[in-house]
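1. structural data only, the sequence is not supplied:
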């Protein structure tokens, strides 16, 4: 789905990734129906930003299995030591 035109200044970013990371990004692009790898990265940054914001507000991030009800806390990089 194309993004609407934006008046926000943009900066070019060159990214070097391993072949497995590139393949995973392409798989995500296909799965999401994203127009580009840039869109995949943009969405990933937005999700990570939301998770960090909510964690910093004191919320616990939990994954719940819909079949079993089993819960597992989602730890972000700063939480893992």
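-> Noted; the coordinates are in hand. Remember, predicted model here, so these are calculated numbers, not experimental data.
2. residues contacting the helix ranked longest in the chain, please?
-> For the chain, the helix with the greatest residue count under DSSP state H is helix 37-56. Contact partners of helix 37-56, identified using C-beta atoms under 8 Å, 6 or more residues apart in numbering, comprise 3, 15, 25-26, 28-29, 32, 34, 61, 74, 76, 79. C-beta: built from backbone N, CA, C; applies to glycine.
3. tell me the one among these nearest to residue 68.
-> For the contacts of helix 37-56, the minimum distance to residue 68 (C-beta to C-beta) is 16.8 Å, reached by residue 74.
4. just the pLDDT for residue 54.
-> What the model reports as pLDDT for residue 54 is 93.
5. now swap in residue 22 and tell me
-> Looking at residue 22, its pLDDT is 97.
6. next, work out how far apart it and residue 31 are.
-> 15 Å (C-beta to C-beta, to the nearest Å).
7. next one: residue 38
-> Residue 38 is 16 Å from residue 31, by C-beta to C-beta.
8. same question, residue 42
-> Counting by C-beta to C-beta, the gap from residue 42 to residue 31 is 15 Å.
9. now do residue 19
-> Applying C-beta to C-beta, the value for residue 19 to residue 31 is 19 Å.
10. what of residue 73?
-> Distance from residue 73 to residue 31, counting by C-beta to C-beta: 25 Å.
11. when residue 22 and residue 31 are compared, which one has more neighbours?
-> Comparing residue 22 with residue 31 by other C-beta atoms under 10 Å, the one with more neighbours is residue 22, at 13 against 9.
12. wasn't the more buried one part of a helix?
-> Yes. Counting by DSSP: H, G, I helix; E, B strand; the rest coil, one finds residue 22 located in a helix.
13. pull the contacting residues for it.
-> Residue 22 neighbours (C-beta under 8 Å, 6+ apart): none.
14. separation between it and residue 40?
-> Relative to residue 40, residue 22 is positioned 11 Å away (C-beta to C-beta).
15. repeat that for residue 19.
-> 16 Å.
16. thank you kindly, that will do.
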